[in-house]
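Q: Fold the following for me, if possible:
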Amino acid sequence: QEQLTESGGGVVQAGGSLKLSCTTSVHNFIGNNLAWFRQALGKEREFVAGIIWAGTATDYAEAVKGRFAISRDVDKYSVFLQMDSLKPEDTALYYCAAGRPSLGVVFDQKAYALWGQGTQVTVSS
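A: Numbers count the residues shown, from 1 in each chain. A predicted model of the protein is given here:
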């Protein structure tokens, strides 16, 4: 049974934009840190962006700073990833994750116990 459900992936040309969405239950949303990770073919899964349980802090991987933005909607129990100025190297399977609360964003995927199935993002050159 999926606990988080991602959507919004697709194929886009370099320089384009996509917005990923992740919905979950109130039980998984309230009080948890939320994050986006990605895994490119043949590579390890890596942190992309995160937002802490209170919504008061966000952080990003260096590779996406200034181009991606994470946000959430507490009424819809959803977290979003707005991706602008996409590059071919952003091509990956993008995962939404929920994990235990903390004062700051945690980059380590071990801190996130709940995962979605992923949504594919492909950026063509």
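
Q: From residue 13, how far off is the most centrally placed residue in the chain?
A: The geometric centre of the chain, computed from its C-alpha atoms, lies nearest to residue 36 (Cα atoms, centre = their mean), at 2.0 Å. Between residue 36 and residue 13 the distance is 21 Å, computed by Cβ to Cβ, to the nearest Å. Glycine gets a C-beta too; all of them are placed from N, C-alpha and C.

Q: so where's the chain shaky on pLDDT?
A: Under the criterion of pLDDT under 70, the regions of the chain flagged as low confidence span 1-2.

Q: if we go to 50?
A: Along the chain, segments meeting pLDDT under 50 span 1.

Q: can you pull out the helices in it?
A: Counting by DSSP state H, the chain has these helices, from start to end: 26-29.

Q: Now for residue 104: which residues touch it?
A: 52, 57, 59 (Cβ atoms under 8 Å, 6 or more residues apart in numbering).

Q: That one and residue 118: what is the separation?
A: Relative to residue 118, and taking Cβ to Cβ, residue 104 is found at 25 Å.

Q: related to what we said a few turns ago, so the residue nearest to the centre of the chain sits against residue 69, correct?
A: No - in this structure residue 36 lies outside contact range of residue 69 using Cβ atoms under 8 Å: 10.7 Å.

Q: Now for those two: what residues contact both?
A: A shared contact of residue 36 and residue 69, defined by Cβ under 8 Å, 6+ apart, is any residue touching both; here these are 49, 81.

Q: Quick check: closest non-adjacent residue to the residue nearest to the centre of the chain.
A: The shortest distance from residue 36 to any non-neighbouring residue, by Cβ to Cβ, 6 or more residues apart in numbering, is to residue 48 (4.4 Å).

Q: Can you report how many residues lie near residue 116?
A: Using other Cβ atoms under 10 Å, residue 116 has 21 other residues around it.

Q: and what of residue 78?
A: If we define neighbours as other Cβ under 10 Å, then residue 78 has 19 of them.

Q: which residues in this structure form strands?
A: If you assign secondary structure with DSSP state E, the strands in the chain sit at 4-7, 10-13, 18-24, 33-39, 46-51, 58-60, 68-73, 78-83, 92-99, 112-115, 119-124.
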